[in-house]
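A.B. asks: When you get a sec, could you give me coordinates for this:
(chains A and B)
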Protein chains: 2
Amino acid sequence: MRPAEIVVLSGGIGGVKLVQGFAETVDPGTLWVFVNTGDDFDHLGLRVCPDLDTTLYTLSGLADPERGWGRRDETWQFIEAVKGLGGPDWFRLGDRDLALNVLRSDALRSGRSLSEFIDAIRRRLAIDARVLPMSDDDVRTRVDTQEGRLSFQEYFVGRQCRPVVERIVFAGAASARPQPELLEKLASPQTRAVIIAPSNPYLSIDPILALPGVPAALRGCPAPVLAVSPIVGGDSVKGPTAKIMRELSIPVSAAAVAAHYGDWLDGFVLDRRDADRSEGIDVPVRVCDTLMHTLDVKRQLARELLAFADELGRP
Amino acid sequence: MRPAEIVVLSGGIGGVKLVQGFAETVDPGTLWVFVNTGDDFDHLGLRVCPDLDTTLYTLSGLADPERGWGRRDETWQFIEAVKGLGGPDWFRLGDRDLALNVLRSDALRSGRSLSEFIDAIRRRLAIDARVLPMSDDDVRTRVDTQEGRLSFQEYFVGRQCRPVVERIVFAGAASARPQPELLEKLASPQTRAVIIAPSNPYLSIDPILALPGVPAALRGCPAPVLAVSPIVGGDSVKGPTAKIMRELSIPVSAAAVAAHYGDWLDGFVLDRRDADRSEGIDVPVRVCDTLMHTLDVKRQLARELLAFADELGRP
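C.D. replies: Prediction:
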């Protein structure tokens, strides 16, 4: 029998679209999603986990389809009142979204782990796919810019990615323990494919790769490891990937992303708009439609990734 | 020159109406309000201070005039979302009200004192009257009932005051330090009058009186100490005062409240509906309209209290 389980390493918005494609394509009980927590931060005394929450909201149908983050039918009375009391309003926490943040902060302070909390909410929201933080230990992405070191959210939301990036640091990663299920699934003969979602490689995937043991586990993984290019037509689909690549003097190309991921990569998916740009990619390449504007495209990409993995995985 | 400062000891809704009367009658910069914190509690990881917030909201015009607590034009998206995630929704935190609770909890965790935080918000809301917690130390009212010991909010909100009260305990009071300005103002020759607001004597005023040094300071106070009866026409104006008195086998009368306050009381204000019920009150009595349904009545009561105090204070 074919191994049944799918492992996805993912960040926020872009990656979650592919996760949704898998959840709609395979038995979601066989889907394991390990989510970047480098963007997490403490704000107003609350633990905010943007990528995890985007994943949960998307898979449960609560996500706002326009904004890409937060909850649908959101209201903003709380943050306006914070402003009225002289508090900071640069990070827009919606009234409904606040519930998950308040409950999480309370749970963490009571000694529950982030993964326990997320798993309880996942079950409450009737999500069958397993969604877990990459680690229960704090990893905090810091962006060294020409204007100094910024926390991820200062850079991303506060400064709208404007400062020129010189280096990206994952504080705490060196001593953080990867989520045990992540290492377990990467080593398991029951894993059919490991998918690196088309999230920002430098901001969303690198924090996961910075966890001790993860690169080695990918290298030793019996299942094929595939990545989907976040670069389409020489630019990022959304967000600052291309801008950061230029600032770090990396050519803005799918090939550069494939090279960045390194020797554990078994296959790479290019967008069909880049069908003629596979030069320099030294793993097997598959060309797909990766611009996941509809659920159909998300499902189709998930199916093609599985077919690609099954071909590569054949002994 | 006549001493200028007015000191009010107060709980929530009922007492705050009188505070508002004073703020509209005297120079609010001369008004010192010390507020019960026995009702405060930690909920969802947030520090909730019902009486302090009612005071701040009322004096700044943000209070909901119908409900009597919380903010006007309130919305309830947050608490509905908490419920949707399986969290507790018995204590209704409004979206706007949440701002003050979140900012306070963050400030306290950062090491600021409750009085520092409340004072900063007071200034932000352009309230000239000084509003301070009775203590910066935690005092927690517990209600021993026939159904066991309940926290104040479990009793008041969770159980709607239904359980029969056997005893009321102020956990932490014995070792709590009264707000330094409270003892200072009670000892000051600049204090014109000390007013015990018509709040629940057993739930709202007793926690203040349970603080070490407060009864002695009231006894030694050079200014006249007056109380306004919370019992009108043999019943409480609002809330469970009369019910609790019955359960504690105390006659439901203004005289019983005057006797409860003890030997430091210099004068007592009865409602005009109780003009013929002054028997058994062994301090001077003034009869006023104490049902503060309009701002005019609030102002009038404040004026009459000051006149009464000035008569009693004359050597």
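A.B. asks: going forward, measure contacts and count neighbours with C-alpha atoms only.
C.D. replies: OK.
A.B. asks: got the CA coordinates for the helix or strand where A:V33 lies in PDB?
C.D. replies: Per DSSP states H and E, A:V33 falls inside strand A:31-35. Output of strand A:31-35 as PDB, limited to C-alpha atoms (Å, rounded to 0.1, in the frame of the first residue of the first chain):
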ATOM      1  CA  LEU A  31      -2.400  15.900   6.300                       C
ATOM      2  CA  TRP A  32       0.300  17.300   8.700                       C
ATOM      3  CA  VAL A  33       0.900  21.000   8.500                       C
ATOM      4  CA  PHE A  34       3.900  22.400  10.400                       C
ATOM      5  CA  VAL A  35       3.600  26.200  10.600                       C
END
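A.B. asks: The single nearest residue of the stretch 101-250 of chain A relative to chain B: neighbouring residues, count only.
C.D. replies: Proximity to chain B, evaluated over the stretch 101-250 of chain A using C-alpha to the nearest C-alpha, is greatest for A:D106 at 4.8 Å. Using other C-alpha atoms under 10 Å in any protein chain shown, A:D106 is surrounded by 18 other residues.
A.B. asks: Same check on A:T294?
C.D. replies: Burial of A:T294 is recorded as 11 neighbouring residues (other C-alpha under 10 Å).
A.B. asks: Tell me which residues touch the residue of the stretch 101-250 of chain A closest to chain B, please.
C.D. replies: The neighbourhood of A:D106, defined by C-alpha atoms under 8 Å, 6 or more residues apart in numbering or on different chains, consists of B:L44, B:G45.
A.B. asks: Return the residues of chain A in contact with chain B.
C.D. replies: A:44-45, A:75, A:77-82, A:85-87, A:95-100, A:102-103, A:105-106, A:109, A:121, A:124-125 (C-alpha under 8 Å from any C-alpha of the partner chain).
A.B. asks: Give me the buried subset of the residues you listed.
C.D. replies: A:44-45, A:75, A:77-82, A:85, A:95-100, A:102-103, A:105-106, A:121, A:125 (16 or more other C-alpha atoms under 10 Å in any protein chain shown).
A.B. asks: Please spell out which residues along the strand holding A:V33 are buried.
C.D. replies: Neighbour counts over strand A:31-35 (16+ other C-alpha under 10 Å) mark A:L31, A:W32, A:V33, A:F34, A:V35 as buried.
A.B. asks: isn't the first one right up against A:F22?
C.D. replies: It stands for A:L31. Yes: with contacts counted by C-alpha atoms under 8 Å, A:L31 reaches A:F22, the gap being 7.5 Å.
A.B. asks: Spatially, what comes nearest to the residue of the stretch 201-315 of chain A found nearest chain B if we skip its sequence neighbours?
C.D. replies: As assessed by C-alpha to the nearest C-alpha, chain B sits closest to A:L295 within the stretch 201-315 of chain A, at 25.7 Å. Nearest non-adjacent residue to A:L295, counting by C-alpha to C-alpha, 6 or more residues apart in numbering or on different chains: A:G21, 6.8 Å away.
A.B. asks: List the contacts of the one you found.
C.D. replies: Counting by C-alpha under 8 Å, 6+ apart, A:G21 touches A:L295, A:V297, A:K298, A:R299, A:Q300, A:L301, A:A302.
A.B. asks: In PyMOL, select just the buried ones from those.
C.D. replies: Command for PyMOL that selects the buried part of those, burial taken from 16+ other C-alpha under 10 Å:
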select buried, chain A and resi 297+298+299+300+301+302
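A.B. asks: So which of the contacts of A:G21 belong to helices?
C.D. replies: Counted as lying in helices by DSSP state H, out of the contacts of A:G21, are A:L295, A:V297, A:K298, A:R299, A:Q300, A:L301, A:A302.
A.B. asks: ok so, going back, which of the buried residues of strand A:31-35 sit farthest apart?
C.D. replies: A:L31 and A:V35 (12.7 Å; C-alpha to C-alpha).
A.B. asks: Contacts made by the lowest-mean-pLDDT helix or strand in chain A with the rest, please.
C.D. replies: Ranked by mean pLDDT, DSSP states H and E, the weakest helix or strand in chain A is strand A:235-236, scoring a mean of 82. With contact meaning C-alpha under 8 Å, 6+ apart, strand A:235-236 is reached by A:P230, A:T241, A:A242, A:V252, A:S253.
A.B. asks: All the strands of chain A, residue numbers only.
C.D. replies: A:5-10, A:31-35, A:41-43, A:46-48, A:130-133, A:140-145, A:148-151, A:165-171, A:191-196, A:225-228, A:231-232, A:235-236, A:267-271, A:285-288 (DSSP state E).
A.B. asks: weakest of those by average pLDDT?
C.D. replies: The minimum mean pLDDT among those belongs to strand A:235-236 (a mean of 82).
A.B. asks: Direction included, what does that strand pair against?
C.D. replies: strand A:231-232 (antiparallel) (DSSP bridges).
A.B. asks: Buried ones in stretch A:244-255, by neighbour count?
C.D. replies: Quick answer for stretch A:244-255 (16+ other C-alpha under 10 Å): A:I244, A:M245, A:E247, A:V252, A:S253, A:A254, A:A255.
A.B. asks: export the contacts of A:G21 to JSON lines and tack on pLDDT?
C.D. replies: Formatted as JSON lines, the contacts of A:G21 follow (pLDDT from 0 to 100):
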{"residue": "A:L295", "pLDDT": "93"}
{"residue": "A:V297", "pLDDT": "95"}
{"residue": "A:K298", "pLDDT": "96"}
{"residue": "A:R299", "pLDDT": "96"}
{"residue": "A:Q300", "pLDDT": "97"}
{"residue": "A:L301", "pLDDT": "97"}
{"residue": "A:A302", "pLDDT": "97"}
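A.B. asks: and A:D42, how many residues sit next to it?
C.D. replies: Counted with other C-alpha under 10 Å, residues neighbouring A:D42 total 11.
A.B. asks: Leaving out sequence neighbours, find the closest residue to it.
C.D. replies: Using C-alpha to C-alpha, 6+ apart, the nearest residue to A:D42 is A:V48, at 6.0 Å.
A.B. asks: which residues touch that neighbour?
C.D. replies: A:D40, A:F41, A:D42, A:N101 are the contacts of A:V48 under C-alpha under 8 Å, 6+ apart.
A.B. asks: In JSON lines: the residues you listed, plus distance to A:Y261.
C.D. replies: Putting those into JSON lines (distance: C-alpha to C-alpha, whole Å) gives the following:
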{"residue": "A:D40", "distance to A:Y261": "23"}
{"residue": "A:F41", "distance to A:Y261": "26"}
{"residue": "A:D42", "distance to A:Y261": "30"}
{"residue": "A:N101", "distance to A:Y261": "32"}
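A.B. asks: Mark which of the residues you listed are buried, thanks.
C.D. replies: Counted by 16+ other C-alpha under 10 Å, the contacts of A:V48 give A:D40, A:F41, A:N101 as buried.
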